[in-house]
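**Student:** here's my sequence, what's the structure:
(one chain, ligands or ions: 1)
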Amino acid sequence: MVKVNENFLKLPGNYLFSEIAKKVKIFQEKHRESNLIRLGIGDVTLPIAPAVIEAMHKAVDEMGQKESFHGYAPDLGYEFLRNTIAKKVYGALGCEIFADEIFVSDGAKSDSGNIQEIFGVDNRIAVCDPVYPVYVDTNVMAGRAGEYSKETEQWSNVIYLPCSAENHFVPELPKETPDLIYLCFPNNPTGSAVTKDQLQVWVDYANKMGSVIIYDAAYEAYITEENVPHSIYECEGARTCAIELRSFSKNAGFTGVRLGYTVIPKDLVRGGVALHSLWARRHGTKYNGAPYIIQRAGEAVYTDEGQAQVKEQIAYYMRNAKVILEGLKSAGFSATGGVNAPYIWLKTPGSMTSWEFFDYLLEKANVVGTPGSGFGPGGEGYFRLTAFGTYENTVEAIERIKRL
Ligand code: MLT
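**Tutor:** Residues are numbered from 1 along each chain as shown. Predicted coordinates:
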């Protein structure tokens, strides 16, 4: 008799964004006349930049010709893209990352969920609270999280790093020692950022303790402040303790195209094993590489034209972020984020819970956001709005919120 993976049964409820989509669908069926504005999931609204589209068209044509057709992609990524990333991303930051330390994939969501596979099941993970739910859920599925407590809404084998207004949503070092530390900066969901000195503390800690940091830098393109690092490899010693996850979704609008990459420096060794070799083995076995057309699209992001165009898109979203942040503040909300990240994190009014505010906003303003408690117990009483909507909708949503 087949036995299911019982770890899946431990997961309470649905995946956060599926739950929201379900609720919104029900609302829309009941209120067909409503003009909903979606500032919930961090999905982009601007079309892909022309330089990228042009590269994709060219690659599509290549696929139709015998001489330039491409079958399976190299499982770790085409060299043209890995070389471009090494030079244009890490070289430009002055970080020592080599092309063969970059693993191209179909996006940071998959990588952030899959990376735990190369670690033993008895490792303890540490996550920020609130946190992007994929980190925790995938460790639950793997049987690494222990048992769930309905009272505390926490997992027995997970170390939680509280991120609250008191610490400006930047975690302090834990008292218990974790093996794997998930950090995401600029942060999803709170929109907070760390300075290079703050991140260096974590790098030093991980090296001292023998821990590994899984650093999700999906939102680095939104950094506007000088002292905020774009990569963990800007910190000294990160090559021996950190894995970095990167995405094309947020920096170039690839949410519907799918492309990302993971960096594992060859100096990152635990238990005498280079983690690079394990991820290469895993990637080779389970993945046949991102499509040629999409990798050419990714390469085009780093041409001069591509960079100018995606920077304009990011500026567009950051203008939305400003509208949201300033609008909320002028309406009397306590709100943060939106300066180095496309997310604004606001305190729900009065004693409303996150889900109560979700319903209230949906019904009274027809605006969809994300309840903070969906990111963990530390998010209760908070709410997330994304800057990825259109400018017009963003302005309208804030006007509606102000009128409440
Ligand atoms: C979010 O809204 O948190 C993100 O868009 C989810 C994701 O990138 O998977």
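
**Student:** with adjacent residues omitted, what lies nearest to the closest residue to the ligand within the stretch 201-350 of the chain?
**Tutor:** Using C-beta to the nearest ligand atom, the closest approach of the stretch 201-350 of the chain to the ligand is made by Ser249 at 6.1 Å. Every residue, glycine included, has its C-beta placed from N, CA and C. Of all residues not flanking Ser249 in the chain, Thr255 sits nearest, at 4.5 Å (C-beta to C-beta, 6 or more residues apart in numbering).

**Student:** same check on Val310?
**Tutor:** Ala252 (4.9 Å).

**Student:** touching, that neighbour and Ile48? I think so.
**Tutor:** Yes - contact criterion C-beta atoms under 8 Å: Ala252 and Ile48 qualify, at 7.3 Å.

**Student:** the more surrounded of the two?
**Tutor:** Shown here are Ala252 and Ile48; by other C-beta atoms under 10 Å, Ala252 has more neighbours (27 against 21).

**Student:** what sits up against stretch 3-18?
**Tutor:** Defining contact as C-beta atoms under 8 Å, 6 or more residues apart in numbering, one finds that stretch 3-18 is touched by 19, 22, 40-41, 133, 137, 140-143, 145, 147-148, 150, 370, 374-375.

**Student:** could you redo the last one with a cut-off of 7 Å?
**Tutor:** For stretch 3-18, the external contacting residues (C-beta atoms under 7 Å, 6 or more residues apart in numbering) are 19, 41, 133, 137, 140-143, 148, 374.

**Student:** how about stretch 210-226?
**Tutor:** Outside stretch 210-226, the residues that reach it (C-beta under 7 Å, 6+ apart) are 108, 112, 115, 178-184, 186, 188, 193, 202, 206, 230-232, 241-247, 250-251, 270, 314, 318, 339-342.

**Student:** ends of that stretch, what's the gap?
**Tutor:** By C-alpha to C-alpha, to the nearest Å, the extent of stretch 210-226 from end to end equals 30 Å.

**Student:** what's the burial count for whichever residue of the chain sits closest to the ligand?
**Tutor:** Relative to the ligand, the nearest point of the chain is Gly42 (3.1 Å; C-beta to the nearest ligand atom). Neighbours of Gly42 under the rule other C-beta under 10 Å: 23.

**Student:** my guess is it contacts Leu385. True?
**Tutor:** No - Gly42 sits out of contact with Leu385 when judged by C-beta atoms under 7 Å, with a separation of 10.1 Å.

**Student:** center of the protein - which residue?
**Tutor:** Ala218 (4.8 Å; C-alpha atoms, centre = their mean).

**Student:** in three-state terms, label that one for me.
**Tutor:** At Ala218 the chain is in coil, as set by DSSP: H, G, I helix; E, B strand; the rest coil.

**Student:** which residue sits closest to it, ignoring its sequence neighbours?
**Tutor:** Ser247 is the one closest to Ala218 (C-beta to C-beta, 6+ apart), at 4.0 Å.

**Student:** that neighbour against Ala108, yeah?
**Tutor:** Yes - the pair Ser247 and Ala108 passes the contact test of C-beta under 7 Å, sitting 3.8 Å apart.

**Student:** anything in contact with each of these two?
**Tutor:** 218, 260.

**Student:** export the worst-scoring helix or strand of the chain on mean pLDDT as CSV, just CAs?
**Tutor:** One helix or strand of the chain scores below all others by mean pLDDT, DSSP states H and E: helix 16-30, with a mean of 92. Below are the C-alpha coordinates for helix 16-30, written out as CSV (Å, rounded to 0.1, in the frame of the first residue of the first chain):
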residue,chain,number,x,y,z
LEU,A,16,-0.9,32.0,1.2
PHE,A,17,-1.3,33.4,-2.3
SER,A,18,-3.6,30.5,-3.4
GLU,A,19,-5.8,31.3,-0.4
ILE,A,20,-6.0,35.0,-1.3
ALA,A,21,-6.8,34.2,-4.9
LYS,A,22,-9.6,31.9,-3.7
LYS,A,23,-11.1,34.5,-1.5
VAL,A,24,-10.9,37.2,-4.2
LYS,A,25,-12.6,34.9,-6.7
ILE,A,26,-15.5,34.3,-4.3
PHE,A,27,-15.8,38.1,-3.7
GLN,A,28,-15.8,38.8,-7.4
GLU,A,29,-18.4,36.2,-8.2
LYS,A,30,-20.7,37.9,-5.6
